[in-house]
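**Q** dropping a prediction and its sequence here:
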Amino acid sequence: MLAPPPSYAPTFCNEQYNNGLRVANVGAILSAWQARAADARATLRCRPDIAYGTAASETFDLFEPDRASSPAPLLVFIHGGYWRSLSKADFSWIAPAYVARGIKVAVVDYGLCPSVPLETIVRQNLAAIAHLWLEAPRLGVARDAIVVSGHSAGGHLTAMMLAAQWPRADARLPVDPLRGGVAVSGLYDLEPIRHAPYLNADLQLTLDRVAPLSPLYMRPASRAALITAVGGDESDEFRRHNAEIGSAWSDVLREDVALPGENHFTACERFAAPGHRLFEATAELCLDAR
């Protein structure tokens, strides 16, 4: 396991966490994602902009197989962007491979920092999961087969969902509304993020807010299975986050999928690539959860 540095110097944190600088062709990757996302929305059965709350950002897109068991398993995807950029519309391309396996996919939107604080983003995702569980019969979703997933900041939010005390969030929910989570290139300890000036200018994290927002300082709230993954070419810090959550949550860790040669962005692509172990492990979790 990679050890954390003795102190988080701002220059170190900027270098370790700025994936836009670490991956030379990130602009081309994001443009390709947007094109693939638009194609998915145009070709798949999609129920767009279903509200889970009252704010304009509190919606999700639901992608459905042409033929699926009813009720069907559901994969919830929470997008990344360091809690301050991108949207569900950039990640519709996640859906086609899972829909082809008979799995419904909900791609969730939420507010972005600095317009809303990170605590609000966590609460929004709690509300989205609660809505999906409560409305499962109407949506044709199997309540015992809901799996949450996410990449980067979405990996952080995935872990936060697995640590959530659900009956405290909504008394109508059981302790275990989720049957599993898949966190790709996630961030689980926000202390170094607080020391990265290019990020914290928007996030505005303070020391007293770090622990309540860091899954690494928490325990999973149920026996929901966890799958993790991180690119082999990602920074030492991203690989450390992945190793530490796997160790701390070893009692629920189902699999840590190796991604040799993958960077922060191609790691996310493997999540939606049929035949790749990360995709297959996620699909198995969705289908096994029933």
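**A** The structure has been received and is ready for your questions.
**Q** secondary structure element for the residue minimising distance to the centre of the chain?
**A** Residue closest to the mean C-alpha point of the chain, counted by CA atoms, centre = their mean, is Gly150 at 1.5 Å. Gly150 belongs to strand 141-151 when assigned by DSSP states H and E.
**Q** what mean pLDDT does that strand have?
**A** Average pLDDT, strand 141-151: 97.
**Q** give me the contacts around whatever helix or strand comes next after that strand.
**A** Using DSSP H and E, the helix or strand that follows strand 141-151 towards the C-terminus is helix 153-163. In this structure, residues lying in contact with helix 153-163 by CB atoms under 8 Å, 6 or more residues apart in numbering are 77-83, 121-122, 125-126, 129, 148-150, 178, 181-188, 190, 213, 215, 218-222, 224, 226, 245, 252. No exception for glycine: its C-beta is placed from N, CA and C like everyone else's.
**Q** can you flag the buried ones in those residues?
**A** In the contacts of helix 153-163, burial by neighbour count holds for 77-83, 121-122, 125-126, 129, 148-150, 178, 181-188, 190, 213, 215, 218, 220-222, 224, 226, 245, 252, counting by 16 or more other CB atoms under 10 Å.
**Q** where do the helices sit along the stretch 101-250 of the chain?
**A** 118-134, 136-139, 153-163, 166-169, 191-194, 197-203, 207-210, 236-248 (DSSP state H, counting those that start in this stretch).
**Q** quick one: residues contacting Pro192.
**A** Pro4, Tyr8, Cys13, Gln16, Tyr17, Glu237.
**Q** gap between the residue nearest to Arg172 when sequence neighbours are not counted and Pro177?
**A** On the basis of CB to CB, 6 or more residues apart in numbering, the spatially nearest residue to Arg172 that is not a chain neighbour turns out to be Leu134, at 6.3 Å. Separation of Leu134 from Pro177 (CB to CB, to the nearest Å) stands at 9 Å.
**Q** neighbour count for the two, which is higher?
**A** Neighbours were counted for Leu134 and for Pro177 using other CB atoms under 10 Å; Pro177 has more, 25 against 16.
**Q** ramachandran coordinates for the residue nearest to Glu58 when sequence neighbours are not counted?
**A** Once flanking residues are discounted, Glu58 sits nearest to Tyr52: 5.4 Å by CB to CB, 6+ apart. Main-chain dihedrals, Tyr52, degrees, to the nearest 10: phi -110, psi 0.
**Q** what pLDDT does Tyr52 get?
**A** Reported pLDDT for Tyr52: 98.
**Q** what about it, how many residues nearby?
**A** As a measure of burial, Tyr52 has 22 neighbours, counting by other CB under 10 Å.
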